[in-house]
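>>> Below are the sequence and a predicted model; questions follow.
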Amino acid sequence: MAININKLIILLLILLGMVCYGQAFRDSLKDESSQYHNIAVNKVSDDSKWIVATKVYRNNYDTAVVLAAGRSGVKSLVGTLTKKYQYSFVKGNQLLALGQGKALLWNLATGMQKEVKTGREGSDSGSIIQCGIMEKGQKYFVQTSDSILHIYNAKSELLERVERVQYFRLSGSVSALYIVKKEGRENQLVRYSGDKVERVYSTSGMIRSIEETPSGKLMILKEEVSSGGNAGTESKSQKIVFVDTANLELLYPDIGEIKQEEYLRFTEIQKGKAVMITGMTHIAAEKGTVDIWYGNDGNLEAKQEGSFVKRYWIWQKDEGKVIKVPSDRFTTVASLNNPDYFLIFNRDELQNYSTLFPLIHGWFYNMKKNTYEDLGIMQAEVSVSDRGNHFVYKNKEGIWILLDTETLNRVALEKKDLTKAYFSKDGKTIYFETSSDLWRYEINNGKFTALTIDKENEVRVVTKDETDLYPETGYNFRRSILDINAPVLLSLTRKGTIEKTFLKWHKGKVETLMASSGSNITWYKTDGMLNKAIYVEESLHKPPGIVYKEIGHPKGDVIFQSNPQDKTSALISMEIISFKNKEEISLKGLLYYPIGYTEGKKYPMVVHIYEVQSRNPNQYLSPLNNFPVGFSIKKLLEEGYFVYLPDIVNGVSGVGLSALDCVESSLDALENHPGVDLRNVGLIGHSFGGYRTNFIAGHSHRFKTYISGAGASDLTRMYFSYNETSSTPFYWQFEEGQYNMDASFAENKKLYMDNNPIDNVHLVSAPMLLWTGMEDKRIVWDQTIELYIGLKRNKKDVVALLYPGEGHVFTTGSLAEKDLEIRIRDWWDYFLKGKRGIPWIEKQMKKDIQF
């Protein structure tokens, strides 16, 4: 058979190209960001003199640096540690570090290091599995694998050796160790405090757990007890023991039989005056022949997660008694930080899933009088005073209501823009955060006063005394106290940005402690009096660094600078582009210039969309910042692309049309830009940005190509779907959530249809790359497939990448993450730079080539 020589040559060239590309592809999978690291501050000494920080690389965090805060630059580096993961500061400028079964004690002042030896003669008695300090570093302890706890003073002299240790807990005051140990056939709780070990409690049962109340006044034991039957048939239950930590008195709250499977939660009231006990028994989701779903079901979560049956009691210390809180009428009972007062409601009563956190029909229950006061429909947000004699809650309109629990008098606090509330220690005043200034409300005279902290910016209280009165997601019921007699740390956020200033507020005086103008503060720690701060700071041109600053000094000292090899960040140029959408709303976009930008030359541009993106112009563009997958601003700049991040806000036309308007208006603002090649612009988005990319692709002719990751394509189908991630129907996300339609589908079908990407899939005029994880439960992967099918049916150029085993966000460092990153880079180069010879793309684009 004759062979056409021209076809053979073409075939050989294609095969050669595939081989070369395959090798290049494998080479490109090498992690180019492996030399970069982030900073995680592990420990700061109480006197703020010493710091331990870990270098967090993409694939390891083995190396930590030890720094002296009193020095600057390279002089601050005391040394490094490898493969140590637990750190404590011991008196005398000593660092205790644990890792791989060994503990190191390092005198940071002299430089001397020694390994901690736990044997009788200074030898090892087992690998060290845990260590820590107590009494502000006056003592330290290590636990070895042979169940021995060794306690030393700061001079490493052995003070105590406790054997047969099962586990232990360090008190919140760090002045005592509560240790559960075996002694013969008994289990014991002992306390080490001062210089002695005291036996607190002995039992033949197993002490399952110990926990300390927030005040530190009570230690709570849960004990497993056996009853009846022969060996193997006996039943097991639980017993509660309270320990008064002041005098080690044992207190036994009797709440009747507690089955082993019942989970017990304890809420302290008025610093140990009482404890609310909640018993929760999990009822697994039924699996049978048929699963019945009812239209009036307000607990669809139980279909996946099962449900809970709850019981409630109040233990009152002074009376030494336990009272059962009635829950026959109401399923949910929350403490109001008073032994007699409770907020009660039926959790599922108003759950119609049109909002993520439903309103509740709340009642105030006075157990002493056995009376119920109807609070009406309210939001699940409550702040309570220290005595529980007052609390504020938000009604359904979002107005705070103040209730006097003794008189039942209610006052509506009509001032707008009150966000979070804090009571003063004496309960006479309430402080409110707002978007401008901090406000004081005096309960006796009903007067509001601005504290003139800052009249322009959002004020937030950082240091406060709070107790969660109902620790369950979605319910913000807290005892919230602000002590203005002590120094208070406040944060101010400049409007429209994430730039923060941290203030010390004490006795009416306000001083700046830290400020992030032109930078980002990503982590911080202060001393107790708010005179010193250690924080991590980054900027567009500078990698993260650790800064030490004292109040009154205008600038801090950079004591450690990460990624010194980064020479390109200083070369990055960024311009803030101002524009208005059709509704005349002023918006911004961040335009990053290619590194090495040359005037007079045109460059392609990648546009990334989500929501408002201009709030953080100071972010450090680390190669490690790769979210969404495959979108690394810095890599694109290094490869000769402009990168544009325009703001998007929702308008009356709907979520998709608003995005189209904002994006095209942002491009109009670049019409006369000398460097941007508007003929070679690509659009990319992930998740919500993926939905908006899908929509814009069917309505715009401004883009040469699109990349959409894990985005919705069919709003109608998604509106009427069930979201396994939140265990709820999805329609709340459209009515009040991110899609913000402000109407149900039935109320405004046209709005939903006008903003539905799949309805205009036939109008897509540029190639699309789609990608998704096939284990995505947030935006189910068949939303991506639906768009792919629509594009395929209408003979559009499309490639869909489906990754088995990956979810909505890919696993960091996975092959899937690396593969997608390379393919996205290929896609930009192919369509925006004209690069050819990429087989996996040309299989779609070159219709005459057969593979």
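Cool, the structure landed.

>>> Check which helices and strands the host helix or strand of residue 685 is in contact with.
Using DSSP states H and E, the element containing residue 685 is strand 676-686. Counting contacts by 3 or more Cβ pairs under 8 Å, 6 or more residues apart in numbering; DSSP states H and E, strand 676-686 packs against strand 603-608, helix 655-668, helix 688-697, strand 705-709, helix 815-832. C-betas here are computed from N, CA, C, even on glycine.

>>> Run through who's touching it.
Identification of contacts with strand 676-686 by Cβ atoms under 8 Å, 6 or more residues apart in numbering yields 591, 602-610, 627-629, 631, 642, 663, 667, 670-671, 691-693, 696-697, 702-711, 824, 827-828, 831-833.

>>> Go again with 7 Å.
For strand 676-686, the external contacting residues (Cβ atoms under 7 Å, 6 or more residues apart in numbering) are 602-610, 628, 631, 642, 667, 670, 692-693, 696, 702-711, 828, 831-832.

>>> and the longest strand along the chain, which residues are buried?
Of all the segments of type strand in the chain, defined by DSSP state E, the longest one is strand 371-384. Neighbour-count burial for strand 371-384, counted by 16 or more other Cβ atoms under 10 Å, picks out 375, 378, 379, 380, 381, 382, 383, 384.

>>> pLDDT score for the first one?
Meaning residue 375. Looking at residue 375, its pLDDT reads 97.

>>> wouldn't it be in contact with residue 364 here?
Yes. Counting by Cβ atoms under 7 Å, residue 364 is a contact partner of residue 375 at 5.8 Å.

>>> Phi and psi next, for the residue nearest to residue 497 when sequence neighbours are not counted.
Once flanking residues are discounted, residue 497 sits nearest to residue 615: 5.1 Å by Cβ to Cβ, 6 or more residues apart in numbering. For residue 615, the backbone dihedrals (degrees, to the nearest 10) come out as phi -70, psi -20.

>>> ranges for the strands of the stretch 51-200 of the chain?
63-68, 77-82, 86-90, 94-99, 102-107, 113-115, 128-134, 139-144, 148-153, 158-162, 165-170, 176-183, 186-193, 196-203 (DSSP state E, counting those that start in this stretch).

>>> just checking, what packs against the third one?
The elements that strand 86-90 packs onto, with contact taken as 3 or more Cβ pairs under 7 Å, 6 or more residues apart in numbering; DSSP states H and E, are strand 38-44, strand 94-99, strand 128-134.

>>> redo that, cut-off 6 Å
strand 94-99, strand 128-134 (3 or more Cβ pairs under 6 Å, 6 or more residues apart in numbering; DSSP states H and E).

>>> Need those in TSV (columns: mean pLDDT).
Below are these laid out as TSV (pLDDT from 0 to 100):
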stretch	mean pLDDT
strand 94-99	97
strand 128-134	96
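
>>> ok so, going back, paired strands for the helix or strand just after the longest strand of the chain, with orientation please.
Next in sequence after strand 371-384, counting helices and strands by DSSP H and E, comes strand 390-395. Strand 390-395 sits in its sheet next to strand 371-384 (antiparallel), strand 400-404 (antiparallel), going by DSSP bridges.

>>> Tell me which of those strands sits nearest to residue 569.
strand 371-384 (41.9 Å; Cβ to Cβ).

>>> Send me that closest one as PDB with only the CA atoms.
Provided in PDB are the C-alpha atoms of strand 371-384 (Å, rounded to 0.1, in the frame of the first residue of the first chain):
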ATOM      1  CA  THR A 371     -42.900  32.300  83.800                       C
ATOM      2  CA  TYR A 372     -42.400  32.700  80.000                       C
ATOM      3  CA  GLU A 373     -42.100  36.100  78.300                       C
ATOM      4  CA  ASP A 374     -42.600  36.100  74.600                       C
ATOM      5  CA  LEU A 375     -39.700  38.000  72.900                       C
ATOM      6  CA  GLY A 376     -41.200  37.700  69.400                       C
ATOM      7  CA  ILE A 377     -39.300  36.900  66.300                       C
ATOM      8  CA  MET A 378     -35.600  37.700  66.700                       C
ATOM      9  CA  GLN A 379     -32.200  37.100  65.200                       C
ATOM     10  CA  ALA A 380     -29.900  34.600  66.900                       C
ATOM     11  CA  GLU A 381     -27.700  37.200  68.400                       C
ATOM     12  CA  VAL A 382     -27.600  38.000  72.100                       C
ATOM     13  CA  SER A 383     -25.100  39.800  74.500                       C
ATOM     14  CA  VAL A 384     -25.500  39.300  78.200                       C
END
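
>>> if we can go back for a sec, mind putting the buried residues of strand 371-384 into JSON lines with distance to residue 335?
Conversion of the buried residues of strand 371-384 to JSON lines gives the following (distance: Cβ to Cβ, whole Å):
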{"residue": "375", "distance to residue 335": "16"}
{"residue": "378", "distance to residue 335": "17"}
{"residue": "379", "distance to residue 335": "18"}
{"residue": "380", "distance to residue 335": "15"}
{"residue": "381", "distance to residue 335": "15"}
{"residue": "382", "distance to residue 335": "10"}
{"residue": "383", "distance to residue 335": "13"}
{"residue": "384", "distance to residue 335": "8"}
